[in-house]
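*Asks:* Sequence and predicted model, in that order:
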Amino acid sequence: MVKQSPPEVVRMIAALTDHRDVDVLETSLLRTVADLFAPDWAAIFHISADEAPEFAIALRDGVISHVAFPDSFSHLVSAASVTAFPIMSRTRRVLGYLLVHRVPALSHDEQAMMSSLFRIYDNYLAVLKDSQIDRLTGLLNRHTFDEQLDRALGLIRRAYLEGERGKHKRKVGEGNGSFFLGEIDIDHFKCINDKFGHLYGDEVLIILARILQSTFRKTDLIYRFGGEEFVVIVYVDDRNDADMTFERLRRSIENHAFPQVSKVTVSIGVTEIQETSIPVELLGHADQALYYAKTHGRNQVSFYETLVAMNEISVYRAANDMTLFSAVELDRAAP
């Protein structure tokens, strides 16, 4: 074991919790483990809802890397030289494993120390995840979008480049692909709340969130922005693939039988994400397309770039006086 003084250990714990990002927290945990125990390598595996390991972040020779999931996962966990620590949710579901490989393996005292460190990590991770999740729907929240957009795009691209394509319902081709941002708003949601009550309105939001999760991949990012508005970032082959994806979502919602409310529709504004895109312009582009959909019949998908090319809308600039999410305000004011 690498000997550390109590003040040094406290400093490491303080550094571990000096982050507001789950992925950065994982990197910090691995580096803390390396400083304390000098392992040959350490890795964190994420576990999906069906309890299958998905991907890993690893530390070896001081280098952090994102590695593909090995077929010999169960053998790896059971190896004598590997100590496994489960990452637990507050409901005691296993979210993943921290694996520490060292010869000789961690001693009993080292494992006890690691378990104490891990309790701190688990508790902080739960608090951190709570701050990033919308409590009603379980989706990512607006605050998370604002903080993580740039990094989120890199995470999506990396996930697909590392072999995630073949594991999902909708395959991405071998080309470079494109990112699209879709802004989704429930049509006449104020009328739903007024007619049926907020309890049924909340149920509509929860069901719609489940439809979003079943339509998009696990590596796509789905946010609830508040109220009846959602935002999705997807990675697809091209514009046609994006069109089919968002149209499939629109039809799925239109054809779903919502309790009491029965039929619900959405309007969707979509824009392509460029390398030079900034969040405020992306949201402005999507909002313009959504506003167009709202004012031209609702229950439809509109693409910003197509509308600009057809001279249906003007090019949005972040410096102008347009108020974002005017389409949402339009629906709230509608009879």
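*Replies:* Nice, I can see it. Residues are numbered from 1 along each chain as shown.

*Asks:* okay, Pro279: pLDDT?
*Replies:* Model confidence at Pro279, given as pLDDT, is 78.

*Asks:* err, Gln213, not the other one
*Replies:* Model confidence at Gln213, expressed as pLDDT, equals 92.

*Asks:* and if you look at the one 10 residues further on?
*Replies:* Confidence at Tyr223, expressed as pLDDT, is 93.

*Asks:* From the chain's centroid, how far away is the one helix or strand it maps to?
*Replies:* Here Tyr223 is covered by strand 221-226, with elements defined by DSSP states H and E. For strand 221-226, the distance from its own C-alpha centre to the chain's C-alpha centre is 9 Å (C-alpha atoms, centre = their mean, to the nearest Å).

*Asks:* can you check stretch 190-207 too?
*Replies:* 25 Å.

*Asks:* for Asp122, phi and psi?
*Replies:* phi -60, psi -50 (degrees, to the nearest 10).

*Asks:* how close does it sit to Leu136?
*Replies:* When distances are taken as C-beta to C-beta, to the nearest Å, Asp122 and Leu136 turn out to be 24 Å apart. Where C-beta positions appear, they are placed from N, C-alpha and C, glycine not excepted.

*Asks:* How about His256?
*Replies:* His256 sits 18 Å away from Leu136, going by C-beta to C-beta.

*Asks:* ok, back up a step: quick one: list the elements packing against the strand holding Tyr223.
*Replies:* Taking 3 or more C-beta pairs under 8 Å, 6 or more residues apart in numbering; DSSP states H and E as the contact definition, the neighbouring helices and strands of strand 221-226 are strand 140-141, helix 142-159, helix 198-215, strand 229-236.

*Asks:* So what's the gap between the last one and the chain middle?
*Replies:* Using C-alpha atoms, centre = their mean, the mean C-alpha position of strand 229-236 is found 10 Å from that of the whole chain.

*Asks:* same for that strand, what does it pack against?
*Replies:* helix 142-159, strand 178-186, helix 198-215, strand 221-226, helix 239-255.

*Asks:* ok, now the shortest one?
*Replies:* Taking 3+ C-beta pairs under 8 Å, 6+ apart as contact, the helices and strands that strand 140-141 lies on are strand 221-226.

*Asks:* Pairing partners for the strand it packs on, with directions?
*Replies:* When pairing is defined by DSSP bridges, strand 221-226 lines up against strand 140-141 (parallel), strand 229-236 (antiparallel).

*Asks:* Format the ones you listed as CSV; extra columns: distance to Val103, mean neighbour count and mean pLDDT.
*Replies:* Written out in CSV, the entries for these read as follows (distance: least, C-beta to C-beta, whole Å; neighbours: other C-beta atoms under 10 Å; pLDDT from 0 to 100):
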stretch, distance to Val103, mean neighbour count, mean pLDDT
strand 140-141, 40, 19, 88
strand 229-236, 40, 23, 92
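
*Asks:* Which one of the helices and strands packed on strand 221-226 lies nearest to Asp243?
*Replies:* Between Asp243 and the helices and strands packed on strand 221-226, the shortest gap by C-beta to C-beta is with strand 229-236, which sits at 9.2 Å.

*Asks:* Ok, which of the helices and strands packed on strand 229-236 comes nearest Gln274?
*Replies:* Comparing the helices and strands packed on strand 229-236 by their distance to Gln274 (C-beta to C-beta), the top pick is strand 178-186, with 8.5 Å.

*Asks:* list the contacts for Val204?
*Replies:* Shown in contact with Val204 (C-beta atoms under 8 Å, 6 or more residues apart in numbering): Ile186, Phe189, Ile192, Phe258, Val261, Val264.

*Asks:* where's it relative to Val266, distance?
*Replies:* 11 Å.

*Asks:* circling back: who's more crowded, Asp122 and Leu136?
*Replies:* Under the criterion of other C-beta atoms under 10 Å, the comparison of Asp122 against Leu136 puts Asp122 first, with 17 against 13.

*Asks:* From Thr32, how far out is the closest residue to the more buried one other than its chain neighbours?
*Replies:* Ranked by C-beta to C-beta, 6 or more residues apart in numbering and with sequence neighbours excluded, the top spatial neighbour of Asp122 is Met88, at 5.8 Å. Distance, Met88 to Thr32, by C-beta to C-beta: 18 Å.
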